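A.B. asks: Below is the structure, and that's it, no one-letter string:
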């Protein structure tokens, strides 16, 4: 809607400028014609200019009749004829009578009225906003109050605020009302009450007074805060000394109470220790009585048990004795059996050896018979046998009858091969044997 308003205003202004340009151009052309005599100017276009101006009034009036109330604001219509009109214009687009009604805007958001202390004045250049509120206490001493009041305007009563209250209310109405409320209330209390004892009570009463006074004029008070209090230097020093003494007194009282509690704790601990010792002695006596009684009762069962253990030990000794005798008899019988077995083993070994000798002798006799038969058939084998027996120590040379020498060792090595003949059936030659 703002774009439409500005577009209409731009169109109206454009038409006014166009009408003025048409008239100015025609006047300039007429002036040039009068100076130079040519060219022939056209007559002034008054009708065109009037028509443009007349048409321009329509968008101008429409644009002026459109009022946009922004967020956080509210408006009141003030007529040039009837004055302030009832009703509130809330954020949005509204239509008014152009050149007759105007709209007064009010900020409906929260406002803050603040007074400060000396430290706040040093931090800012605007001393009016942080100047402390000076009031007098019951003793006549001057106090500086740092106060903050948070309030807002009642949108439903903006017409009353605009027509009956001084404007702007933030500076013309709120500060005097707040200052008046505190200056009426604080003189009923002492400095000590305002500073510490009844500080919250004073703040609550001041908030109630300010709320009632400003609420009657359409101003909603949401909170009144008493941030700080500036005391007179002499009183502050005396109050500090008094507070230190009170703190010292409180400290001593606390220490005294702590010592009393420590004494009481020591007494209770001593009594508890005494009770523990008595209970411990009684418990030990009872334990001893119970132990003696338990030992007496146990002896009634211990004696028969001991007798049974002695009888059991005697029986175990007899059993071990009998076992030892049996083991000795078994060992003797085992030794006899082992001796008999050894004798029988030796007899069997002797029989086996005799049998082996007989078999060996029979085998040797049979072998000798066989060798005798072989030697009988081949007498030269005797030389072979002798040579075999002596071959590692004696070298035998056999000389054949034909004079050819050969070593018996070569013959002995080739004894395993069959004899070779040259095709004749002559008996083998006899040769001479010699030894070296």
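C.D. replies: Yep, that arrived. None of these values were measured; they are calculated from a predicted model.
A.B. asks: give me the element residue 225 is part of.
C.D. replies: strand 219-230 (DSSP states H and E).
A.B. asks: what do you get for residue 138?
C.D. replies: With DSSP H and E as the test, residue 138 turns up in no helix or strand.
A.B. asks: State the phi and psi torsions of it.
C.D. replies: Backbone geometry at residue 138, expressed as degrees, to the nearest 10, gives phi -70, psi -30.
A.B. asks: How are the helices of this structure distributed by residue range?
C.D. replies: Using DSSP state H, the helices of the chain run over 2-36, 46-65, 118-123, 127-130, 158-164, 169-172, 174-185, 191-192, 199-215, 233-377, 380-390, 408-413.
A.B. asks: nearest to residue 105, of those helices?
C.D. replies: helix 158-164 (9.6 Å; Cβ to Cβ). For every residue, glycine as well, the C-beta is placed using N, CA and C.
A.B. asks: ok, now how distant is residue 67 from residue 207?
C.D. replies: Using Cβ to Cβ, to the nearest Å, we find residue 67 at a distance of 37 Å from residue 207.
A.B. asks: whoops, I mixed them up, residue 233
C.D. replies: Taken as Cβ to Cβ, the span from residue 233 to residue 207 is 29 Å.
A.B. asks: Compare the two (neighbour count), which wins?
C.D. replies: Higher neighbour count among residue 233 and residue 207: residue 207, with 18 against 8, using other Cβ atoms under 10 Å.
A.B. asks: if I pick that one, what's in contact with it?
C.D. replies: Contact analysis of residue 207 by Cβ atoms under 8 Å, 6 or more residues apart in numbering lists 221, 223, 224.
A.B. asks: how about TSV for those, with distance to residue 354, pLDDT and neighbour count added?
C.D. replies: As requested, these are exported to TSV (distance: Cβ to Cβ, whole Å; pLDDT from 0 to 100; neighbours: other Cβ atoms under 10 Å):
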residue	distance to residue 354	pLDDT	neighbour count
221	149	92	22
223	142	92	12
224	146	91	23
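A.B. asks: Could you export these to JSON lines, including columns for distance to residue 186?
C.D. replies: Below are the contacts of residue 207 laid out as JSON lines (distance: Cβ to Cβ, whole Å):
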{"residue": "221", "distance to residue 186": "18"}
{"residue": "223", "distance to residue 186": "19"}
{"residue": "224", "distance to residue 186": "13"}
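A.B. asks: Among those residues, which one lies nearest to residue 181?
C.D. replies: Nearest member of those to residue 181, counting by Cβ to Cβ, is residue 224, at 8.8 Å.
A.B. asks: Mind listing the residues bridging to the closest one?
C.D. replies: Judged by DSSP bridges, the bridge partners of residue 224 are residue 149.
A.B. asks: so what pLDDT did the closest residue to residue 92 other than its chain neighbours get?
C.D. replies: Spatially, and ignoring its direct neighbours in sequence, residue 92 is nearest to residue 69 (6.0 Å; Cβ to Cβ, 6 or more residues apart in numbering). Residue 69 carries a pLDDT value of 86.
A.B. asks: Against residue 265, how distant is residue 69?
C.D. replies: For residue 69 relative to residue 265 (Cβ to Cβ), the value is 74 Å.
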